[in-house]
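*Asks:* Need coordinates for the following:
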Amino acid sequence: MKNKPKIRFGNEPEEFGQPQQAELSRMAPLLANALALHQAGRLAEAEKVYKQVLDIQSDQFDSLHLLGVILFQRGDPAASVEQIDRALKTSPNDVVALNNRGNALLALRRFDQALASYDRALALRPDYADALCNCGAALHELKRYHEALAACDRVIALQPDYAEAHSNRGNTLRELRRYDEALEACDRALALMPDFAEAHCNRGNALHALQRFDEALTSFDRALALRPAYAEALSNRGVTLQDLMRCEEALASVSRALALRPDFAGAHFNEALCRLLIGDFERGWQKHEWRWQTDQLANERRNFRQPLWLGSGELAGRTLLLHAEQGFGDTLQFCRYVPVVAARGARVILEVQGPLRELMRTLAGPAQVITRGEPLPAFDLHCPLLSLPLALGTRLDTIPARTPYLAASENKVRAWRDRLAGREKPKIGLVWAGNPAKELPNSNRIDALRSLELAQLAPLLEVSDCEFYSLQKGAAAIAQLRDTTWREHVVDWTDDLHDFSDTAALIENLDLVIAVDTAVAHLAGALNKPIWLLNRYNTCWRWLLDREDSPWYPTVRLFRQDAGRQWDGVVTRVCAALRDYLRGS
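*Replies:* Below you'll find the model as predicted:
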């Protein structure tokens with residue numbers, strides 16, 4: 001979910017001021033006319049008159065500056081910066097021009113430079129609320145959220161009725177995962193300015209984070225009623241509709257956003273996830289390539305001088321670097337393509353996250369497995385793992401789903417077998433929580449949806465005639481077991497699980513794994529181990545819609561929340577299935 005912080009451009013009537021330098025008898029009437037036209041939104045006419053003023057006095061500050069404002073308003077922030085810089089040569093300490101220059105730089109995503117421009121304005125006028133509010137917007141874009149929040153608070157202390165500052169404050173509080181406060185801030189902005197479209201959009205984002213999806217949809221619709229051509233609101237509305245499992249409506253909303261902004265990377269990516277969810281792999285994989293231009297993943301993009309391989313061109317005799325991206329589960333799911341690519345004659349180098357390296361050495365195909373961060377050997381082409389389905393033209397019926405495609409070390413499997421000797425009851429592995437990924441707000445939000453508290457599994461832990469073994473990693477989740485009486489119901493040897501090869505060896509000695517949507521679920525599937533997945537209602541795209549099985553893993557059985565989005569019903573069904581399983585053992 002994304003919405004830009006609201007900026008205030010210094011083009012309000014009181015900001016234009018009086019001509020700083022002019023032959024008043026000749027220019028004052030022209031400039032007054034230009035200002036009136038500008039304020040009325042008649043930009044072409046205003047531009048013509050500003051230029052008439054400059055024909056009289058070529059360095060007349062107001063005309064130079066306000067021509068820069070017009071360029072911004074017309075959607076050309078790069079030209080706006082150049083024009084305002086010409087004005088600032090005439091009057092370098094004009095705080096309004098410095099603020100407006102910062103806004104144009106902000107639109108160009110040159111956030112550090114924008115911040116520097118605002119700082120110059122604030123050094124000259126510390127109580128300049130517009131520059132301070134916009135400074136907060138730049139800090140927000142730089143992900144310096146605590147500083148952005150402080151800037152909003154300073155604006156509100158100066159001007160309690162500054163609606164944009166309240167709205168921006170809500171936007172930043174949401175990034176800080178203070179969702180209730182974010183909603184309150186947006187409501188305050190709307191109390192001050194009921195027709196403030198950005199605040200309605202920010203309110204929708206806060207409600208979405210609170211999983212109040214129907215209310216979020218209402219807020220996005222209100223924003224769009226006020227501003228029908230609001231691409232961010234349309235895209236965010238699409239995400240909300242997808243979370244409501246109204247996928248066709250979601251695609252229609254995103255399509256409207258892209259009609260307005262064809263280069264809107266976030267909307268393209270949202271469309272990709274929705275199309276993959278409904279099984280439209282042909283268009284979904286193509287759209288998925290937009291992920292590299294989103295705020296979420298842009299910094300993960302690898303910029304190699306070697307060409308990107310997306311399926312065209314001969315591979316025989318060439319060295320192809322396949323590199324992991326995003327989470328462990330993504331690597332475990334998509335490494336299945338490595339043998340397929342190697343069969344085309346490529347010499348494959350596979351680069352993965354450190355905890356996966358030993359396990360990935362059991363994968364057929366790669367000539368070399370390396371850890372990300374190590375020096376790269378020579379290669380001719382490269383491809384991210386999650387681009388391989390596009391490169392290989394994967395459809396639902398052509399997923400390479402043969403398992404196992406990974407294996408545990410025989411020595412480690414034997415060591416766990418010896419440790420488990422004498423334990424005769426069926427052995428059930430458990431994972432109840434994912435990685436919070438606090439540094440990635442979107443991933444953190446999803447983790448809150450997919451994870452359980454251990455106490456929610458109490459009915460399952462009371463099932464007799466089996467033994468439960470923790471496969472759970474993460475200090476907070478492990479503490480849920482070790483700090484409660486449930487530790488007597490679950491064998492916890494996770495201190496001895498140092499990487500995924502250790503976990504794989506333990507799983508090989510278990511009969512069944514019950515897990516939420518985490519990397520361990522993918523690991524069990526890749527090992528061809530029976531895996532029961534506790535799945536949230538607004539499921540990840542990879543589990544598709546309305547299925548209890550998975551085309552990716554033949555051994556997966558899905559237990560999905562109903563529209564109430566509660567785990568109780570899921571746990572009840574899993575308990576019943578486990579009792580049936582045990583009776584058949």
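*Asks:* going forward, measure contacts and count neighbours with C-alpha atoms only.
*Replies:* OK.
*Asks:* can I see the domain layout of this structure?
*Replies:* Domain segmentation of the chain under automatic domain parsing yields 1-159, 313-398, 410-584.
*Asks:* next SSE after the helix or strand of the chain with the lowest mean pLDDT?
*Replies:* Lowest by mean pLDDT, DSSP states H and E among the helices and strands of the chain is helix 13-16, with a mean of 39. Sequence order places helix 24-39 as the next helix or strand after helix 13-16, per DSSP states H and E.
*Asks:* Show me what the mean pLDDT comes to for that following helix.
*Replies:* Per-residue pLDDT over helix 24-39 has a mean of 76.
*Asks:* Could you do stretch 511-526 as well?
*Replies:* Average pLDDT, stretch 511-526: 97.
*Asks:* End to end on it, go ahead and measure it.
*Replies:* Terminal residues of stretch 511-526 lie 15 Å apart, using C-alpha to C-alpha, to the nearest Å.
*Asks:* Can you give the distance of it from its chain's centre?
*Replies:* Between the centre of stretch 511-526 and the centre of its chain there are 24 Å (C-alpha atoms, centre = their mean, to the nearest Å).
*Asks:* what's in contact with it?
*Replies:* Defining contact as C-alpha atoms under 8 Å, 6 or more residues apart in numbering, one finds that stretch 511-526 is touched by 327-330, 332-333, 403-406, 426-435, 450-452, 471, 504, 507, 529-535, 553-556.
*Asks:* Could I get the buried residue list for it?
*Replies:* Using 16 or more other C-alpha atoms under 10 Å as the burial criterion, the residues of stretch 511-526 that qualify are 511-526.
*Asks:* who touches the closest residue to A257 other than its chain neighbours in this structure?
*Replies:* What sits nearest to A257 in space, not counting adjacent residues and going by C-alpha to C-alpha, 6 or more residues apart in numbering, is A231, at 4.4 Å. Contacts for A231 (C-alpha under 8 Å, 6+ apart) come out as 256-258, 260-261.
*Asks:* what would these look like in a markdown table with distance to L356 and pLDDT?
*Replies:* Listed next are the contacts of A231 as a markdown table, based on distance: C-alpha to C-alpha, whole Å; pLDDT from 0 to 100:
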| residue | distance to L356 | pLDDT |
| --- | --- | --- |
| R256 | 41 | 98 |
| A257 | 39 | 98 |
| L258 | 38 | 98 |
| L260 | 42 | 97 |
| R261 | 39 | 96 |
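*Asks:* Going by neighbour count, which of those residues comes out on top?
*Replies:* A257 (26 neighbours; other C-alpha atoms under 10 Å).
*Asks:* What's opposite the residue nearest to I514 when sequence neighbours are not counted in the beta bridge?
*Replies:* Nearest residue to I514, sequence neighbours excluded (C-alpha to C-alpha, 6+ apart): W532, at 4.7 Å. In this entry, W532 is beta-bridged to I514, R557, by DSSP bridges.
*Asks:* quick one: low-confidence parts of the protein?
*Replies:* Residue ranges of the chain with pLDDT under 70: 1-26, 436-445, 585.
*Asks:* residue ranges for the strands of it, please.
*Replies:* Using DSSP state E, the strands of the chain run over residues 319-323, 347-352, 366-371, 381-384, 427-431, 467-470, 490-491, 512-516, 531-535, 556-560.
*Asks:* Go through the first one and flag the buried ones.
*Replies:* In other words, strand 319-323. So for strand 319-323, counting by 16+ other C-alpha under 10 Å, buried means 319-323.
*Asks:* Relative to that strand, what are the paired strands and their orientations?
*Replies:* Partners of strand 319-323 in the sheet, by DSSP bridges, are strand 347-352 (parallel), strand 381-384 (parallel).
*Asks:* same question, the fifth one
*Replies:* With DSSP bridges as the test, strand 427-431 is paired with strand 467-470 (parallel), strand 512-516 (parallel).
*Asks:* still on that earlier bit, just the contacts of stretch 511-526: which are in helices?
*Replies:* Per DSSP state H, helices hold the following members of the contacts of stretch 511-526: 328-330, 332-333, 450, 504, 507.
*Asks:* Same list, those residues, but as CSV with distance to E358 and neighbour count please.
*Replies:* Listed next are the ones in helices among the contacts of stretch 511-526 as CSV, based on distance: C-alpha to C-alpha, whole Å; neighbours: other C-alpha atoms under 10 Å:
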residue, distance to E358, neighbour count
F328, 13, 20
G329, 16, 17
D330, 17, 16
L332, 13, 25
Q333, 16, 21
R450, 28, 21
A504, 11, 25
I507, 16, 26
